[in-house]
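[1] kindly generate the corresponding structure for this input.
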Amino acid sequence: MGLTKLRNIGIAAHIDAGKTTVTERMLFFTGTTRKMGEVHDGQATMDFMKQEQERGITIASAAISCTWKDKTVNIIDTPGHVDFTVEVERSLRVIDGMIAVFCGVAGVQPQSETVWNQADRYKVPRIAFINKMDRTGADFEEAVDSMDKYLDANPVPIHIPMGAEDSFIGVIDVLKMKAFTYEDAEVIESDIPESYIEKANHARHFLTEKLADFSDEIMELYIEGKEASTELLKRETRAASLKMLITPVFCGSAYKNKGIQNLLDAVVDFLPSPLDIGAIVGLDIDDIEKTHSRKPSLSEHFCALAFKIINDPFVGQQTFVRIYSGQVKSGMQIFNSTKKTYERVGRILRIHAKDREELETAGAGDIVALIGIKNTKTGDSICDPAYPLLLENIFIPPAVIDLKVTPPSKAEERKLGESLRKLANEDPSFKIRFNDETEETIISGMGELHLEILIDRLKTEFGVNANIGEPSIAYRETVTRPMESDYRYVKQSGGKGQFAHTILRLEPNPGKGFEFTDIIKGGAIPTEYIPSVRKGIEATIEKGILADFPIVDVKVVLLDGSFHEVDSSDMAFRICASICFKNAFMKANPILLEPLMKIEINTPDDFIGAVSGDLNRRRGRIESMRRFRKGAQKLNGFVPLKEMFGYATSLRSLSSGRANYSMEFFNYVPLNSELQQKVLKEFAEKNK
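    Residues are numbered from 1 along each chain as shown. Model prediction:
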C-alpha cells in the first residue's frame, strides 16, 4: 500500500459532543464492525475498558484500522474529559490529521478549546464536524461563528444542513453542489431542492472568496467574474487545509446515521497522508545542536516514537508506536535513543480495538503495538541502532491531586506496589512516591476522576482492594532567597569511619525546575563524588522538607568542600549533601506553592451573580466574561485547586443544574502565609 493511501487521524472534542458515536458509525460504514455500538448502553467498540462502559466516557485513546474507498484509515479515539488530557496530548503527537467534533447545540465548549490549542501545538491539520444537528436548539451558523470567534479557526462550510432539530433531513455539499439525504444508513444523492439553491450558492461563493485569499488561480478567476471548477476548488481546499489556513466544516447527526459517509470522504479528500506531512526532524544523540531528518519511506533508516503503553493480560506489555521512517521486523534489535538502551521486538500487532492482527513487518506511517520491549516508556524514541536520533518528546502536565494508598494487609504490600508501577508505566501523568517515615504510598493524578478510575482499575484488573485516604492537594515546596550552607559529616564508630564536607549555595530558580552545577576547583572534592552530592540532593528534593511535598524551582551550586583519603565514600557524600541542602533550605525562607487552575464556566445569564460571587469566595478571580450563546455567558478565570473539591455539586445547586464548567492546571503559585501555617499545622498533627 502506498503512503498516499494512508490516513492517521484522531477524533477529539469536548466530553459528550459525540465523538465516540462518530467513531462507531465510521467503523460500521467501513465494514470494520458489523453492529453499531452505542455509548449509552456500554457497547461502544472503542470504549472497551469496563470503567469506560460504566461511565459512558472515553478514557484511554484506542487505535483502530479501517478501509474506505481503497484508503487505509487509522483512527485514534481520544477522551474529552480534562482529567485525561494527557491521552489527547500523546495521540495528537503521533497523528497526521484530526476531526474536531462540535455539538450543534453548544458549539465551542471549554474542552474543545483545550483540544484545539493542543492540536495547534503539534501543528495538526484538521476538519470540523458539527454533530447533533437533529437536537433541539441545534444551530449550524451559530456553531460555525463560535469556531471563528473562540478558536480563530477560519471555518469554511463545505456542507450546509437541510433543516435543523426534528426537521434535519440531510446536507448540501457546496463543492459538488448536490444534496445528500439518508435512509436506513443508505446515502441518497440528488439535486439541491429549490428552497436551498440560494443558500447553497451563497455558501459556494463564500468558499471561493476564502480560497481566493490563498490561491492565485482562484483569485484571477474571481476578479474576472468566472466560476472556478469543482476540481480546482477541491484541490485548493485540500491545500489550504493542509497548511492550516482554513478549517473545512461538515455536519450531520452521528446517532441518526446522517453525514458519516460524507465525513469519511472528507477524511480521504482533505486530511494529510504521511507524505503530505513530510520528513520528521530529530536531534543527534551526541550533539543536540545537530539535527537529522527522516523521510516517510520504507527505504529510510528506522525511527519511531512510543506514545502509549498498555498492559494486556493475554499478551503482556503492548508498546504502541508511530513509525515515521523505515521498517521494523519481529525479532529485530532496536535502540531506545531516549534511554540509550537496546531492545528486541518480539511480535508486531495491528490493533482493531479488542482484536489483534499479527504482522511480520511494519513500516513508515504505520501505528502498531510492539510486544516484548520492556524498558521503553511513553515519549521514548526508538530507532535503528546504527543511525540513532532523538524525536521531540510528549508534553506531560504536572499532577495536582494526591491520595494516600495503603495495602489491606502486609501480605498484599508487594502486589499493591507492582500494580501501581504497571499503572504508572501506562499513564505518564500518574505519579507514585513512598514516604519512608509514615510508610504511606502517595499517588498523584490530574484530577478526582483520574484517580477514581485508577483506583477502580486496581480493584478490577489487579484484584487489590487498597485502603484509600481523602484526596489532598499536591503542594510543592520552594525557596524565596539565596542561602549558603557549610556542613561537615563525620562518623567514627569503630572500624572504617565516614567523612564528607560540602559547601553549597541554594538559589530560587522560578519556572526552571531543579538545576545543579559545581564550581569545585583544585579537586577539593574528587570528581567521582560529585554525582553522589547530586544524588543526595535529588533524594531530598523528591521527599520534601517542610511537609513531605516535592521541592521545585531551586538551583544548587556546589562551591567547595573536602574529603578524606580513607573515610570518604559515595554514601558519606550523599548523606552530607542531603543535610547541607536541608540546612540551607530551612534558612532560605521556604514557602509552599499551590496548584492554580484555569477555569471556564458556562452559565445562563440569570445565575451570573451567584456563580461569580461563589467563585470570589473560593479565592478565584474572573479574567473575562463573554457571550456564549443567546441568554448564556462564558466566564474565564483562575482559582486555587484547594477550593474546588465538590464544586460540581455546588455549581449544580447554584444554577438549578443549568451551568457547567471545565478546569485544567495552569501553574503553581505561592500559598498565602495564613493558609501555609494551616497546612503545616495539619501536617504536623497528622505526623505526631
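[2] what comes into contact with stretch 235-242?
    125-127, 156, 158, 175, 207, 210-211, 214-215, 217-218, 246-248, 269-272, 276 (CB atoms under 8 Å, 6 or more residues apart in numbering). Placement of C-beta: from N, CA and C, glycine included.
[3] could you dump it to PDB, C-alpha only?
    Output in PDB follows, covering the C-alpha atoms of stretch 235-242 (Å, rounded to 0.1, in the frame of the first residue of the first chain):
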ATOM      1  CA  ARG A 235      -7.700  20.800  -4.800                       C
ATOM      2  CA  GLU A 236      -7.200  24.300  -3.300                       C
ATOM      3  CA  THR A 237      -9.500  23.400  -0.300                       C
ATOM      4  CA  ARG A 238      -7.200  20.500   0.400                       C
ATOM      5  CA  ALA A 239      -4.000  22.600   0.000                       C
ATOM      6  CA  ALA A 240      -5.400  25.300   2.400                       C
ATOM      7  CA  SER A 241      -6.400  22.700   4.900                       C
ATOM      8  CA  LEU A 242      -3.000  21.000   5.000                       C
END
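[4] I'd say Ser532 and Arg574 touch.
    Yes: between Ser532 and Arg574 there is a contact at 5.1 Å, judged by CB atoms under 8 Å.
[5] mind checking which of the contacts of stretch 235-242 land in strands?
    Among these, the residues falling in strands (DSSP state E) are Arg126, Ile127, Val156, Thr247, Pro248.
[6] can you lay out the residues you listed as TSV showing pLDDT and distance to Ser568?
    Converted to TSV, the ones in strands among the contacts of stretch 235-242 look like this (pLDDT from 0 to 100; distance: CB to CB, whole Å):
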residue	pLDDT	distance to Ser568
Arg126	93	60
Ile127	94	65
Val156	94	71
Thr247	94	64
Pro248	95	68
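[7] show me what the host helix or strand of Asn602 packs onto, helices and strands only.
    Per DSSP states H and E, Asn602 falls inside strand 590-604. Where contact means 3 or more CB pairs under 8 Å, 6 or more residues apart in numbering; DSSP states H and E, strand 590-604 is packed against helix 110-121, strand 476-479, helix 608-617, strand 632-640, strand 660-670, helix 673-686.
[8] neighbouring strands - and their directions - for it?
    Strand 590-604 has these partner strands in its sheet, going by DSSP bridges: strand 476-479 (antiparallel), strand 632-640 (antiparallel), strand 660-670 (antiparallel).
[9] mind saving the C-alpha coords of that strand as PDB?
    What follows is strand 590-604, C-alpha atoms only, in PDB (Å, rounded to 0.1, in the frame of the first residue of the first chain):
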ATOM      1  CA  PRO A 590      10.900  28.300  52.300                       C
ATOM      2  CA  ILE A 591       7.300  28.500  51.100                       C
ATOM      3  CA  LEU A 592       4.600  26.200  49.800                       C
ATOM      4  CA  LEU A 593       3.200  26.500  46.300                       C
ATOM      5  CA  GLU A 594      -0.300  25.500  45.400                       C
ATOM      6  CA  PRO A 595      -1.800  24.500  42.000                       C
ATOM      7  CA  LEU A 596      -3.800  27.300  40.300                       C
ATOM      8  CA  MET A 597      -6.400  26.100  37.900                       C
ATOM      9  CA  LYS A 598      -7.700  27.800  34.800                       C
ATOM     10  CA  ILE A 599     -11.500  27.600  34.900                       C
ATOM     11  CA  GLU A 600     -14.200  28.100  32.300                       C
ATOM     12  CA  ILE A 601     -17.900  28.300  33.400                       C
ATOM     13  CA  ASN A 602     -20.800  28.300  31.000                       C
ATOM     14  CA  THR A 603     -23.900  29.700  32.800                       C
ATOM     15  CA  PRO A 604     -27.200  31.200  31.900                       C
END
